[in-house]
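Asks: let's see this in three dimensions:
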Amino acid sequence: MHSRPVIAIAGLACETSTFTPSKTLAPAFHPQRGHEVIQEYAFLHPGTSLANIADWRGALIGHALPGGIVTRPAFEELAGEILSRLKDIVASTPRLDGLWFDIHGAMCVEGLDDVEAELLRRIRAVIGPDVVVSASMDLHGNVSRELAHQTDLITCYRMAPHEDELETKERACRNLVDLLTKQHSSRNNRLRPFKAWIPLPILLPGEQTSTRVEPAKHIYAAVSRVEAMAGVIDAAIWVGYAWADEARNRAIVMATGWDKAAVAAGAEKLAKLFWDAHADFKFVGLAGSFKMCLDTALASSSRPYFISDSGDNPTAGGSGDMTWGLTKLLARPEFKDASSPTVIYASVPGPRAVETAVAAGVGATVTVTAGAEVDNIHAGPITMTGRVHSIKHGDKNAGIEVVLQVGSVFAILTKLRKPYHKEHDFTDLDLQPRCADIVIVKIGYLEPELYAMAADWMLGLTPGGVDQDLIRLGHRRIRRPMWPFDTDFEPRPNISARFIPLSHEPLTGPDE
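Replies: Residues are numbered from 1 along each chain as shown. Predicted coordinates for the structure are as follows:
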């Protein structure tokens, strides 16, 4: 190894629902290349400890807003560029020592299964078997046996909401540098840790597995205790991704380390905690029909009262294009005039509606039609007449945003779909969510800023591509039995550790 190890960075991340009709194209990944990749991560900036101890080389990374399945041409375009750039990196250095594989783990591509493992197989063909690969993932990703095999180190978030995203990615990089240092000191570039992998027949939505509440709270609290065991490098629990239909979609526990017995014991401890609690997972908050949510909010004295329109959550893989929630809201007589309880609704895409509102200007009264250009399964386009309250240009995701006041409802319309997670997402539009009576957001569990603003909230069990009622979605390819699709588990599932062969060894045996 050189005085400093040479480490490449590559990866594609997109959480994709196979139950939503939208498609994800290459530009949605906002690909970053070369030095742009390094700039993306504060812990790799010049002067940081990680920057000082390794030579980091950006190939290409792309992080797309969750949505529908990625088209095959989009994947091939981006994957092809990753391989080309990695070839250039390999050619430019006497030796490539490591690769940080920055992925989500729930990307689906037309005509391909287990696409993160497929991408890493292609990468391995370029970088070779001796390069150490460390992967960082979302805990809502999927870890197939093949992906576990192709990696040498692997970790994921330990919090949902994902307040530890950067911490997790930095941990993946530090683990990688530590392993390369250990290789160098032992003069054995084939030195690799043991990898224990345990699949669990559980597939739950994130809204039932938030680490804010039990039982996920105590299960994930145990991860750091396992990681602290002598001989263990890392431990991780993946809930899996509930809104895609592939054989890999299920919960997974993994541990890596130098002491085989400790690695197995740690993984089995976490797997037992998860399985023993599998029937105890409930929604993270009070949940009910959209009607029940509105009735409860109107009857409550808590202000602002937040409601999650969860079935079309664009940060879980929903199209974000559905009008079902807004249609039901505007049909309610309680919000018909400006003196009624104030409601903010975020949001519905409508490029032509936005164009009309922008042309008319703030203060104008317009009639526009928006939504359901992609996802019209449950409701068609919605036509509204209202006053243009505000206009904003230049948003990274939405492009242009318009607020239309219809009665006492302030409906956010966008040129392109956008998630609303921050207070400034509203205040930038001259909206004051803290002063509103009700705020309705296409989301699942509330992100930290929304959660802090909400005096109270409910999870609306609404239809869409990320419907919380998994059973009515119609999975056909997941492994069975699987909780909650099945309730009879006799005999008890095998939750013992399976050791995955090292990445440079052949993967044999059944794919459990």
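Asks: list the contacts of the biggest strand by length in the chain.
Replies: If you go by DSSP state E, the chain has its longest strand at strand 382-395. Here strand 382-395 makes contact (Cβ atoms under 8 Å, 6 or more residues apart in numbering) with 323, 326-327, 330, 348, 357-358, 360-372, 399-407, 410-411, 414, 418, 428-431. Where C-beta positions appear, they are placed from N, C-alpha and C, glycine not excepted.
Asks: what's the helix or strand that contains T155 packed up against?
Replies: Here T155, judged by DSSP states H and E, is contained in strand 153-156. Applying 3 or more Cβ pairs under 8 Å, 6 or more residues apart in numbering; DSSP states H and E, we find strand 153-156 packed against strand 132-137, helix 165-186, strand 232-238, strand 251-257.
Asks: from the chain's centre, how far out does it sit?
Replies: 15 Å (Cα atoms, centre = their mean, to the nearest Å).
Asks: now do stretch 362-377
Replies: Counting by Cα atoms, centre = their mean, stretch 362-377 comes out at 28 Å from the chain centroid.
Asks: enumerate the positions of it that are buried.
Replies: Applying a neighbour-count criterion of 16 or more other Cβ atoms under 10 Å, one finds V366, V368, T369, A370, G371, A372, E373, V374, D375, N376, I377 buried in stretch 362-377.
Asks: take the contacts of strand 382-395 and keep only those in helices.
Replies: L326, T327, L330, A357, V358, A360 (DSSP state H).
Asks: same list (the residues you listed) but as CSV, adding neighbour count, pLDDT and distance to W275.
Replies: What follows is those, written out as CSV (neighbours: other Cβ atoms under 10 Å; pLDDT from 0 to 100; distance: Cβ to Cβ, whole Å):
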residue, neighbour count, pLDDT, distance to W275
L326, 26, 98, 40
T327, 18, 98, 41
L330, 19, 98, 45
A357, 27, 98, 52
V358, 16, 98, 54
A360, 16, 98, 58
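Asks: show me the helices in this protein, by range?
Replies: Using DSSP H, helices in the chain cover 35-40, 49-53, 72-92, 115-127, 145-150, 165-186, 216-227, 260-276, 290-299, 324-330, 351-360, 423-427, 448-453.
Asks: D321 versus T462, what's the distance?
Replies: 14 Å (Cβ to Cβ, to the nearest Å).
Asks: between those two, what contacts are shared?
Replies: Contacts common to T462 and D321, judged by Cβ under 8 Å, 6+ apart, are D312.
Asks: state the pair within the buried residues of stretch 362-377 that is farthest apart.
Replies: V366 and I377 (27.3 Å; Cβ to Cβ).
Asks: which residues of the protein score low on pLDDT?
Replies: 1-2 (pLDDT under 70).
Asks: if we go to 90?
Replies: By pLDDT under 90, the weakly predicted segments of the chain are 1-3, 184-190, 490-491, 503-504, 508-512.
Asks: can you list the domains in it?
Replies: 1-192, 195-283+470-500, 287-467 (automatic domain parsing).
Asks: got the CA positions of stretch 474-486 in CSV?
Replies: Output in CSV follows, covering the C-alpha atoms of stretch 474-486 (Å, rounded to 0.1, in the frame of the first residue of the first chain):
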residue,chain,number,x,y,z
GLY,A,474,-50.5,-7.4,-4.0
HIS,A,475,-47.0,-8.6,-3.5
ARG,A,476,-46.3,-11.8,-5.5
ARG,A,477,-42.6,-12.3,-5.5
ILE,A,478,-41.5,-11.9,-1.9
ARG,A,479,-40.5,-15.1,0.0
ARG,A,480,-43.3,-16.7,2.0
PRO,A,481,-44.1,-17.1,4.8
MET,A,482,-43.5,-13.4,5.7
TRP,A,483,-44.9,-11.3,8.5
PRO,A,484,-47.4,-9.6,8.3
PHE,A,485,-48.6,-11.4,5.2
ASP,A,486,-48.5,-14.7,7.1
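Asks: now do the buried residues in that stretch.
Replies: Buried, per 16+ other Cβ under 10 Å, within stretch 474-486: H475, I478, M482, W483, P484.
Asks: sitting in strands, which of the contacts of strand 382-395 do you find?
Replies: Those of these lying in strands (DSSP E): 348, 365-370, 399-406, 410-411, 414.
Asks: can you get me the start-to-end distance on stretch 179-192?
Replies: End-to-end distance for stretch 179-192: 8 Å, by Cα to Cα, to the nearest Å.
Asks: which residues sit against that stretch?
Replies: Applying Cβ under 8 Å, 6+ apart, the contact partners of stretch 179-192 are 1, 5, 7, 54, 97-98, 130, 132, 134, 152-153, 193, 233, 502-504.
Asks: are any of those buried, and if so which?
Replies: Buried residues within these, defined by neighbour count using 16+ other Cβ under 10 Å: 5, 7, 54, 97-98, 132, 134, 152-153, 193, 233, 502-503.
Asks: need the max-distance pair from these.
Replies: Put simply, by Cβ to Cβ the two of the buried ones among the contacts of stretch 179-192 set farthest apart are A54 and L502, 22.1 Å from each other.
Asks: columns distance to C108 on top of the helices of the chain, output as JSON lines?
Replies: Shown next, in JSON lines, are the helices of the chain (distance: least, Cβ to Cβ, whole Å):
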{"stretch": "helix 35-40", "distance to C108": "24"}
{"stretch": "helix 49-53", "distance to C108": "32"}
{"stretch": "helix 72-92", "distance to C108": "10"}
{"stretch": "helix 115-127", "distance to C108": "7"}
{"stretch": "helix 145-150", "distance to C108": "14"}
{"stretch": "helix 165-186", "distance to C108": "21"}
{"stretch": "helix 216-227", "distance to C108": "24"}
{"stretch": "helix 260-276", "distance to C108": "24"}
{"stretch": "helix 290-299", "distance to C108": "28"}
{"stretch": "helix 324-330", "distance to C108": "23"}
{"stretch": "helix 351-360", "distance to C108": "26"}
{"stretch": "helix 423-427", "distance to C108": "28"}
{"stretch": "helix 448-453", "distance to C108": "28"}
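Asks: between those helices, which gets nearest to E15?
Replies: Nearest of these (Cβ to Cβ): helix 115-127, 11.8 Å.
Asks: mind listing what's buried in the closest one?
Replies: V115, E116, A117, E118, L119, L120, I123, R124, V126, I127.
Asks: could you dump that helix to PDB, C-alpha only?
Replies: Output of helix 115-127 as PDB, limited to C-alpha atoms (Å, rounded to 0.1, in the frame of the first residue of the first chain):
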ATOM      1  CA  VAL A 115     -29.600  -4.200  -8.700                       C
ATOM      2  CA  GLU A 116     -27.200  -3.000  -6.100                       C
ATOM      3  CA  ALA A 117     -25.500  -6.400  -6.200                       C
ATOM      4  CA  GLU A 118     -25.600  -6.300 -10.000                       C
ATOM      5  CA  LEU A 119     -23.900  -2.900 -10.000                       C
ATOM      6  CA  LEU A 120     -21.200  -4.100  -7.500                       C
ATOM      7  CA  ARG A 121     -20.600  -7.300  -9.600                       C
ATOM      8  CA  ARG A 122     -19.800  -5.000 -12.600                       C
ATOM      9  CA  ILE A 123     -17.600  -2.800 -10.500                       C
ATOM     10  CA  ARG A 124     -15.700  -5.800  -9.200                       C
ATOM     11  CA  ALA A 125     -15.000  -6.800 -12.800                       C
ATOM     12  CA  VAL A 126     -13.200  -3.400 -13.100                       C
ATOM     13  CA  ILE A 127     -11.400  -3.100  -9.800                       C
END
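Asks: now the nearest residue to S136 once chain neighbours are set aside: how far from L12?
Replies: Distances taken as Cβ to Cβ, 6 or more residues apart in numbering place A172 nearest to S136, at 3.7 Å, with adjacent residues excluded. Counting by Cβ to Cβ, the gap from A172 to L12 is 16 Å.
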